[in-house]
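[1] Quick one, fold the following:
(chains A and B, ligands or ions: 2)
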Amino acid sequence: MLVKLKVNGELRQADVPPETTLLKMLREDLGLTGAKLGCDVGDCGTCTVIVDGDSLNSCLMLAAKANGREITTIEGLATSADLHPLQKSFEELGALQCGFCGPGMLMSAKNLLDKNPEPSVHEIKDALSGNLCRCTGYTKIIEAIQDAGRELSGAAAGN
Amino acid sequence: MKRRGKGIGCMWYPIGFTVMANPSAATVKVNTDGTATLLTGTVETGQGALTVLGQIAAEALGISTDDVHVVSGDTDTTPMDTGAIASRTTYVTGNAIVRAAEAARELLFEAAAPLLGVKADQLEARDKRIQVLGFPSKSLPISEVALHAETNVGRPAIGSASYNPPTVPMDPETGQGKPFNTYVYATQIAEVEVDDETGEVEILRIVAVHDCGTPINPMLVEGQIQGGISMGVGFALQEEILFKDGVQVNPNLTNYIMPTSLDMPELEVELVDNYDPTGPFGAKGAGEPTAVPTAAAIMNAIYDAVGVRITSLPATAEKVMMAILEKREQEAKSA
Ligand code: FES
Ligand code: FES
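    Ligands and ions are numbered 1, 2, ... in the order given. Next comes the predicted model:
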């Protein structure tokens, strides 16, 4: 079946079997391998993308269901000129180790900051509770999200 | 009722085994643009090794880490390394890199000495220059010296070296020897809250103090320790591979439960200021030891909170509750 989506601002389409997940379509048909396949059953969060302003596990959504919707993946976070403030903070504070959870963490974090620019530690932990990380203990990830939140709301306030 | 308790776990951990050969080799090549290329057989698995190894080469050559291009983990092209195992990379591979970089640096010194009118042993590599010890104004850029070494002297600045923590055979009579070249130490303290009606344990805070020698990259060490603690937390309270008839019954993340962001307590990490003369720039290592004392500290904290010793992990709510009930029963009997 033909699925048409807007991915990172661009109209994309692919002819996929009906059982194809959004994750599989992104990775295999659209060549966007940033979202990772960790478990394929909704347990780990490495496949997190943003669909119409909400972060979700793309391994749990059928591509057909995403038809006509707007998707943001990790590839859409940076511009060609600059990294997203979240990516900068992750890099500067050493928030990732092996990095496998990274794309999912960053998309969950972006979704949180889009809705709540200055979240508390507890709100951040809550927002990341579906994103497993084996390496970092989450501490530096939480610090980086707070840091990016401050940067983004500072920029929004014009300073 | 929720009861609070604190517990301490201490550990030492060996770095650089010596019971058999444990070598790492490295090649450092100084380029004519003043950068360097480091070849190492070890691999990056997220621990930050390539950053730290690049820093070690940069420090030895007096250039910046950004100017070190690290080529790693390719058995076709890189020198042999025993592996990214046993918390040995910073120590063993790092020592090989220091030696390789020093060999390359020596060739730079020998090339620069006549140009600067001093002996090679009166030179140092600093701020991307080869300079006369204590006289920064008498100096040449490393790029120029590297080019001179190649095109005029005919001895390009390339150093190769290996490091093998001296193998010490075990005494077959006594079974004694010196199994490792150095040791790291740590103490972690856990504060927990135990619900004595459900047996549920919540970890409120963990403070970790580690001696890893001189940390080459404190931020990465801190990250490793935080990650190690999360593994220790899982080991203490959640993670367990369950078998039935030899087959794992919980082979996926739905039923093999590991800590999420919500399970992690507040962490405080401190590094002990130390220097190990046998390590690269005083460093020993982090890695595995970061996860060692955590579960012990948590079990001691549970004991402090509710007076029961949990001796099989993970300390699930059921296990803790059963132990509390048993203790109450015994107390009732003896009363
Ligand atoms: S791959 Fe989608 S949640 Fe694990
Ligand atoms: S950095 Fe390795 S899983 Fe998160």
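[2] Look up the closest residue to the residue of chain A found nearest chain B, ignoring the ones flanking it.
    Per CB to the nearest CB, residue A:98 is where chain A lies closest to chain B, at 2.9 Å. C-beta: built from backbone N, CA, C; applies to glycine. Leaving aside its sequence neighbours, residue A:98 sits nearest to residue B:46 (CB to CB, 6 or more residues apart in numbering or on different chains; 2.9 Å).
[3] Count the neighbours of that neighbour for me.
    The local packing of residue B:46 (other CB atoms under 10 Å in any protein chain shown) involves 17 other residues.
[4] That one reaches residue A:101, doesn't it?
    No. Using CB atoms under 8 Å, residue B:46 is not in contact with residue A:101, being 10.2 Å away.
[5] Overlap in contacts, these two.
    Counting by CB atoms under 8 Å, 6 or more residues apart in numbering or on different chains, the residues touching both residue B:46 and residue A:101 are residue A:135.
[6] Whichever strand or helix holds residue B:39 pairs with which strands?
    Using DSSP states H and E, residue B:39 sits within strand B:36-40. The strands that strand B:36-40 pairs with in its sheet are strand B:24-30 (antiparallel), strand B:68-72 (parallel) (by DSSP bridges).
[7] Please work out the average pLDDT along the longest one.
    Across strand B:24-30, pLDDT averages out at 98.
[8] Can you pull the residues of chain A lying near ligand 2?
    For chain A, the residues in contact with ligand 2 (CB under 6 Å from any ligand atom) are A:96, A:97, A:98, A:99, A:100, A:101, A:133, A:134, A:135, A:136.
[9] Number of residues surrounding the spatially closest residue to the first one that is not a sequence neighbour?
    Using CB to CB, 6+ apart and skipping the chain neighbours, the partner closest in space to residue A:96 is residue A:102 (4.8 Å). Residues within reach of residue A:102, counting by other CB under 10 Å, total 22.
[10] Show me which helix runs longest in chain A.
    When chain A is parsed with DSSP state H, its longest helix is helix A:139-156.
[11] Name the nearest residue to residue A:119, sequence neighbours excluded.
    Spatial nearest neighbour of residue A:119, excluding adjacent residues (CB to CB, 6+ apart): residue A:112 at 5.8 Å.
[12] now swap in residue B:231 and tell me
    Nearest non-adjacent residue to residue B:231, counting by CB to CB, 6+ apart: residue B:291, 4.4 Å away.
[13] Residue ranges of each domain in chain A, please.
    For chain A, automatic domain parsing gives the domain ranges A:2-76, A:85-154.
[14] quick check, the first one touching chain B?
    Just to be clear, that refers to domain A:2-76. Yes. On the criterion CB under 8 Å from any CB of the partner chain, domain A:2-76 is in touch with chain B at A:38, A:39, A:41, A:43, A:44.
[15] Quickly name whichever of the residues you listed is closest to residue B:139.
    Of all the residues of domain A:2-76 next to chain B, residue A:38 has the smallest distance to residue B:139: 52.1 Å, by CB to CB.
[16] I'd say that closest one and residue A:48 touch.
    No. Using CB under 8 Å, residue A:38 is not in contact with residue A:48, being 10.0 Å away.
[17] What ranges in the stretch 201-335 of chain B fall below the confidence cut-off?
    Low-confidence segments of the stretch 201-335 of chain B (pLDDT under 70): none present.
[18] In it, which residue sits nearest ligand 1?
    Among the residues of the stretch 201-335 of chain B, residue B:253 lies closest to ligand 1, at 7.5 Å counting by CB to the nearest ligand atom.
[19] Buried ones in the host helix or strand of residue B:99, by neighbour count?
    Using DSSP H and E, residue B:99 falls within helix B:94-116. Buried residues in helix B:94-116, counted by 16 or more other CB atoms under 10 Å in any protein chain shown: B:94-105, B:107-113, B:116.
[20] Ignoring the adjacent residues along the chain, who's closest to the residue most central in space within chain A?
    The structure's chain A has its C-alpha centroid closest to residue A:107; by CA atoms, centre = their mean the separation is 2.0 Å. When the adjacent residues along the chain are set aside, residue A:107 lies closest to residue A:48, with 4.4 Å between them (CB to CB, 6+ apart).
[21] Against which helices or strands is the longest helix of chain A packed?
    helix A:85-92, helix A:102-115, helix A:121-127, helix B:218-237 (3 or more CB pairs under 8 Å, 6 or more residues apart in numbering or on different chains; DSSP states H and E).
[22] Tell me the pLDDT of residue 159.
    You didn't say which chain, so I picked chain A. If you check residue A:159, the pLDDT there is 52.
[23] if you could check chain B rather than the one you did, that'd help
    98.
[24] Before I go, just wanted to say thanks for your time.
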